[in-house]
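1. the sequence and its predicted three-dimensional model are supplied below.
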Amino acid sequence: MKSLSLTQVVAIGSFALLAAAGAKAESYEGVQPLASAKSRAEVNAEAVRAASAPDQNVVRGSRGAETMAVSRDRAGVVFEAMRTAAAPDQNVTSGSRVNSKVVSTMQNPVDARAAAAGNSNRL
C-alpha cells in the first residue's frame, strides 16, 4: 500500500471539511409571525387616503413657497435689517488695509435717528 504525503493528507482533510460545511442545510422555521403596530383596517385606510390625496406625484417645492413658523416679529426683523444695511463699516474688515484695525468710531445712522426722535429701540 502506498503511503500519503503530508500535503495530500491536509488536502483530503480540507476537502472533507468543505464537504461537511456544504452539506449543512438551514432548517425551515415557517413563515415568521407578523409584527405590526397597526391593524389591517388601519393600514388599508391609510393607503386609501394616500392614494386619493391631491398632488401626490408633485415634487416638493413645485407648488410655490411653503409656509414656515414665525419666530420673531416683523418690526424687529425690519429694524435689524435697516440697522445692518446702514452700518458705516459693514464692508470693512481688519484685512482691508495693511496693518490696520477696524475700530467703529462712527455712530450708526439708524441709532442716531432713533436717538434724535426720542425712540430708544436699540438691539
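-> Right, received. Where do you want to start?
2. contacting residues around the top helix by length along the chain?
-> Under DSSP state H, the helix in the chain containing the largest number of residues is helix 6-23. Among residues not part of helix 6-23, those counted as contacts by CB atoms under 8 Å, 6 or more residues apart in numbering are residue 4. Quick note: C-beta positions are derived from backbone N, CA and C, even for glycine.
3. next helix or strand past it?
-> helix 40-51 (DSSP states H and E).
4. name the residues that touch that following helix?
-> The contact list for helix 40-51 (CB under 8 Å, 6+ apart) reads 36, 38, 56.
5. how distant is the longest helix of the chain from the center of its chain?
-> The chain centroid and the centroid of helix 6-23 are separated by 52 Å under CA atoms, centre = their mean, to the nearest Å.
6. average pLDDT across that helix?
-> Helix 6-23 comes out with an average pLDDT of 78.
7. rewinding a little: neighbour-wise, which of the contacts of helix 40-51 leads?
-> Comparing the contacts of helix 40-51 by number of neighbours (other CB atoms under 10 Å), residue 38 comes first, having 10 neighbours.
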